[in-house]
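Coordinates for the following, if possible.
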Amino acid sequence: MRVLVVEDEEELADAVARGLRLHAIAVDVAYDGQEALNLASYVDYDVVVLDRDLPEVHGDDVCGELASSSRILMLTAAGQVRDRVDGLSLGADDYLVKPFAFAELVARIRTLARRSSRAVPEPLERAGIRLDPGRRTVTRDERVVALNRKEFDVLEQLLLAGGDLVTSAELRRRVWDEHADTGTGVLRVTITSLRRKLGAPLAVQNVPGKGYRL
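Take a look at the predicted model:
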């Protein structure tokens, strides 16, 4: 699951992001509406946690732009019935008033993610490897391959490329959130483990200084 938290109170935004990451949710943070739109232009978010009163671009306008591609949870201090009705009429899927219980926020985000209207993608296959995104399963030559979350996501990106090169920077951007520590060899360690689990012959090829391909 990939979540975007859009909140101009930086301490609150960072605290929400830290808490969600403890629940194994990948989180990006934007402190104003324009930054949120910029991030959403190249990352597909399952859920956007959105404050209404934002600088640069108002939260209502951000909601209007993103409601067709992501589930929107408005998180705001404006808690009157009229405010909630207005937010939902803009395309928001849910509305949570500050202050809030963090457990409720997590539960609402997970519920929205399950309600995502995205079609379940078809299984991906190449070089005897079959990855089923819906079931989160991987086999190679009909042998079950048990992968952790990041190994699965890296393999999925490589399969989606259809044999073309995927740069290291692109893999880090797509698989890890913006605050993950990917500058200390995390991707390399993940690739090494993925290769070992997939077995011979070598499936993931390294293009030195550029990236990887299947």
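
What segments of this structure are helices?
Secondary structure of the chain by DSSP state H: the helices cover 10-21, 33-40, 59-66, 81-89, 102-114, 149-160, 168-175, 186-198.

how much does the fifth one deviate in direction from helix 10-21?
By that I understand helix 102-114. Helix 102-114 and helix 10-21 meet at an angle of 70 degrees, taking axes from the mean of the first three to the mean of the last three CA atoms, to 10 degrees as the criterion.

okay if I get the helices of the chain as a markdown table plus distance to residue 2 and mean pLDDT?
Just so you know, the C-beta spots here come from the backbone N, C-alpha and C atoms, and that holds for glycine as well. Output for the helices of the chain, formatted as a markdown table (distance: least, CB to CB, whole Å; pLDDT from 0 to 100):
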| stretch | distance to residue 2 | mean pLDDT |
| --- | --- | --- |
| helix 10-21 | 11 | 92 |
| helix 33-40 | 10 | 92 |
| helix 59-66 | 13 | 87 |
| helix 81-89 | 22 | 66 |
| helix 102-114 | 9 | 89 |
| helix 149-160 | 10 | 90 |
| helix 168-175 | 9 | 84 |
| helix 186-198 | 17 | 91 |
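
Contacts for stretch 94-110 next, please.
Here stretch 94-110 makes contact (CB atoms under 8 Å, 6 or more residues apart in numbering) with 1, 3, 16, 19-20, 23, 25, 47, 49, 71-79, 84, 87-88, 111-112.

Does residue 161 touch residue 214 like I think?
Yes. Using CB atoms under 8 Å, residue 161 makes contact with residue 214 at a distance of 7.3 Å.

Pick out whichever of those two has more residues nearby.
residue 214 (20 against 17; other CB atoms under 10 Å).

In contact with the residue nearest to that one when sequence neighbours are not counted, which residues?
Among residues not flanking residue 214 along the chain, residue 158 sits closest, at 4.8 Å (CB to CB, 6 or more residues apart in numbering). By CB under 8 Å, 6+ apart, the contact list for residue 158 reads 166, 204, 212, 213, 214.

wait, which of those is closest to residue 134?
Nearest to residue 134 among the contacts of residue 158 is residue 214, at 20.2 Å by CB to CB.

Tell me if I'm right that the closest one and residue 163 touch.
Yes. Between residue 214 and residue 163 there is a contact at 5.8 Å, judged by CB under 8 Å.
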